[in-house]
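**Student:** need a structure here:
(chains A and B)
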Amino acid sequence: MSQPLLQVKDLHTSFPTESGEVRAVNGINFSLQRGRVLGIVGESGSGKSVTAYSILRILDNPGKITKGEILFEDTDIVKLPQHQMRQIRGAKISIIFQDPMTSLNPVYTVGNQLTEAIRLHTNRNRQQAQERALEMLELVGVNEPHKRLKQYPYQLSGGMRQRVMIAMALACEPDIIIADEPTTALDVTIQAQILELMQELKEKLGMAIIMITHDLGVIAEMCDEIIVMYAGRVCERGTADEIFYNPRHEYTKGLLRSIPKMTASKERLTPIGGSPVDLLNMPKGCAFAARCDRAMKICLTEPPEEMVINPEHRAACWVNVKEGAMAQGGQHNG
Amino acid sequence: MAEHLLEVQGLKQHFPIKTGFMKTTMLKAVDGVSFTIDRGETLGLVGESGCGKTTVGRSLLRLYKPTAGSIKYHGEEISDQNIQGFRKQMQVVFQDPYSSLNPRMTVGDIVGEPLDIHKLYKTQKEREDKVDSLLELVGLNTDHKRRYAHEFSGGQRQRIGIARALAVDPEFIVCDEPVSALDVSIQAQIINTFEELQQRLGLAYLFIAHDLHVVHHMSRRIAVMYLGKIVEMAAADDVINQPMHPYTQSLISAIPIPDPKQARERHRIVLQGEVPSPLKVPSGCAFRNRCCWRQDICAEQTPELRELAPGHQVACWNPQMPK
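**Tutor:** Below is the predicted model of the structure:
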């Protein structure tokens, strides 16, 4: 396999607060290959957005990367000084934020904001930047791009604004796009348009995408590989098919069970009991143990390590370790 | 036929919007909607943002004064004069569990307030007991009643909202996107709570949401709205499996399927363009500028809701009959 484009190694990010240290990301590892789509799923507070912000080093105060490496083409981003980081941000790695309503500057025109990014990161002059901005708006399917360049964000609909955000993220041809819940604020029909657009652009421009979402439907449609996060840790990772058809972690299984299916008869849903984990009082063992139906003694005392299930699939769950051992034992006996 | 619990006929809700100096335009948020809900039934109402689904719910409860149309509850017309009596039978659970609970009130007071307003207890002890049993009913701990709303997670807050709605022992609850602000794992808990309560108390729901998966799971019948009108209404399974209106079809095909193999194989109808502004609704059928089956008649006349199959109503000039 070729050298991965991005490698995150043992990343820890935490927010020191008055009531204690909130360890939002707690030692996660992953790598991203060129041209692939990696999905990060998890519920609110699982650390998926913080992971993204750590990669771009745009953490809100007082958030800090306390440990770990983020290798982008062999450079460790964590150690880069701000001025060098600025050359990566937007040019090599860019981000599409969740909320297109608040992430555009309301007092600048769309054209202004688009050309700013282009002129900052490339050698184009004002004229060329304008042309590039127009080209980008056309690419993302904004109608009447000439007119739009002169408009302010409030004059555009939600879907249009998200297209402008995508255009801005793509303008400098980055190698990686991080999409942080890019369609959560949009209606389903508009969401379908935006997802289709992202897929098309990925094939045309060949960039890698990190897709952060809580919507398993979006993940199933878009992603090659999936990371499931819970309480700042990776609990399961694998190809889309492995995660959806062969989930091994109890949390992933619970997530898949708790979505209503339109084909099935209307049986009762099986929710995951309890409430999300309190990041200030992280349990000693597995963070999910308190909500897990099959928790064992060891789950409460020791955090599980990631186990290889097959080359394309790993999970960090003691129940799975036990089942694996039993299956092997069974084979020996049989 | 037995009397319906709720009967809505030609409900219209127009809002005057200032569009210029001395100029007002009518925003037709709801423009002639009719439906019925039976006792213990759930009617799902889906549509995209701005289609008027929330306004329908609020007009039913007279949080807005309807522009036109009649709303009958147990056969009796609701008007401004007699609404107070109906408030005890019709309640609402709001979308956002963060802004719909007063941050300065304890949970006990939030749930107890409807009891105070409608004078549903004789002694203080009775009030406390009622609050306790309501909290238990929705799966909360009775120790929680001295705490404030901010101390709870989203799912727990939504339970507080449900307990408040149940305080007056209603027969009908408008659920306005009650689970869309919650995480998937918590969403399922709340959906189950709604279903349990329906079975135990015989509640009827108007379940408003934009998530078709959730609405299909909850409802016996589904009504699909587009720009202030119901475009299709049928049994939940029929709407999902045999949609006849092109808008419903595209809506269903737009939903991401949480199954990678199915997602790869299916053919998706991606709608062109966006929902027009409700201030400038196209003439005739409001959907025609995004529709792939449009004909000349669509621009000239507004299609009415017609029954094309038993219990399956569609408002379209060129409906796609199931094969």
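**Student:** so what pLDDT did the residue in chain B positioned nearest to chain A get?
**Tutor:** Closest residue of chain B to chain A, CB to the nearest CB: residue B:256 (2.8 Å). (Glycine included, C-beta is placed from N, CA and C.) Note on residue B:256: pLDDT of 86.
**Student:** got the CA coordinates for stretch B:292-307 in PDB?
**Tutor:** What follows is stretch B:292-307, C-alpha atoms only, in PDB (Å, rounded to 0.1, in the frame of the first residue of the first chain):
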ATOM      1  CA  CYS B 292     -40.100  16.000 -14.000                       C
ATOM      2  CA  TRP B 293     -43.600  14.900 -15.100                       C
ATOM      3  CA  ARG B 294     -45.100  18.400 -15.500                       C
ATOM      4  CA  GLN B 295     -47.700  19.100 -18.200                       C
ATOM      5  CA  ASP B 296     -49.400  22.200 -19.400                       C
ATOM      6  CA  ILE B 297     -52.300  21.900 -17.100                       C
ATOM      7  CA  CYS B 298     -50.000  22.000 -14.000                       C
ATOM      8  CA  ALA B 299     -49.400  25.700 -14.600                       C
ATOM      9  CA  GLU B 300     -53.100  26.500 -15.100                       C
ATOM     10  CA  GLN B 301     -55.000  24.700 -12.400                       C
ATOM     11  CA  THR B 302     -54.200  23.800  -8.800                       C
ATOM     12  CA  PRO B 303     -54.700  20.000  -8.400                       C
ATOM     13  CA  GLU B 304     -57.000  19.000  -5.500                       C
ATOM     14  CA  LEU B 305     -56.500  16.100  -3.300                       C
ATOM     15  CA  ARG B 306     -58.200  13.100  -4.900                       C
ATOM     16  CA  GLU B 307     -58.600   9.600  -3.700                       C
END
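**Student:** and that stretch, does that touch chain A?
**Tutor:** No - judged by CB under 8 Å from any CB of the partner chain, stretch B:292-307 stays clear of chain A, getting no closer than 13.0 Å.
**Student:** list the buried residues for that stretch?
**Tutor:** For stretch B:292-307, the neighbour count (16 or more other CB atoms under 10 Å in any protein chain shown) marks B:294, B:298, B:303, B:305 as buried.
**Student:** stretch B:252-263 now?
**Tutor:** For stretch B:252-263, by 16+ other CB under 10 Å, it's B:252-260, B:263.
**Student:** of all the residues you listed, which two lie farthest apart?
**Tutor:** Greatest spatial distance in the buried residues of stretch B:252-263: B:252 and B:260, 18.7 Å, computed using CB to CB.
**Student:** what is the least confident helix or strand in chain A?
**Tutor:** Lowest on mean pLDDT, DSSP states H and E among the helices and strands of chain A sits helix A:318-333, with a mean of 72.
**Student:** residue A:39 contacts residue A:221, correct?
**Tutor:** No - assessed by CB atoms under 8 Å, residue A:39 is found out of contact with residue A:221, at 9.8 Å.
**Student:** where along the stretch 1-150 of chain A do the strands fall?
**Tutor:** Here the stretch 1-150 of chain A has its strands, by DSSP state E, counting those that start in this stretch, at A:6-17, A:20-32, A:37-41, A:64-72, A:75-76, A:93-96.
**Student:** closest to chain B out of the ones you listed?
**Tutor:** Closest approach to chain B among the strands of the stretch 1-150 of chain A (CB to the nearest CB): strand A:37-41, 9.2 Å.
**Student:** so is that closest one next to chain B?
**Tutor:** No - legend: contact between strand A:37-41 and chain B by CB under 8 Å from any CB is lacking; minimum distance shown is 9.2 Å.
**Student:** can you check stretch A:170-186 too?
**Tutor:** No - taking CB under 8 Å from any CB as the criterion, stretch A:170-186 and chain B are apart, separated by no less than 8.8 Å.
**Student:** what residues are up against residue A:120?
**Tutor:** Counting by CB atoms under 8 Å, 6 or more residues apart in numbering or on different chains, residue A:120 makes contact with residue A:90.
**Student:** not counting sequence-adjacent ones, nearest residue to residue A:286?
**Tutor:** Distances taken as CB to CB, 6 or more residues apart in numbering or on different chains place residue A:299 nearest to residue A:286, at 4.6 Å, with adjacent residues excluded.
**Student:** what helix or strand is the one you found on?
**Tutor:** Residue A:299 is part of helix A:297-301, with elements assigned from DSSP states H and E.
**Student:** can you name the element that comes right after that helix?
**Tutor:** Helix A:297-301 is succeeded, C-terminally, by strand A:307-310 (DSSP H and E).
**Student:** packing partners of that next one?
**Tutor:** For strand A:307-310, the elements it packs on are strand A:313-315, helix A:318-333, judged by 3 or more CB pairs under 8 Å, 6 or more residues apart in numbering or on different chains; DSSP states H and E.
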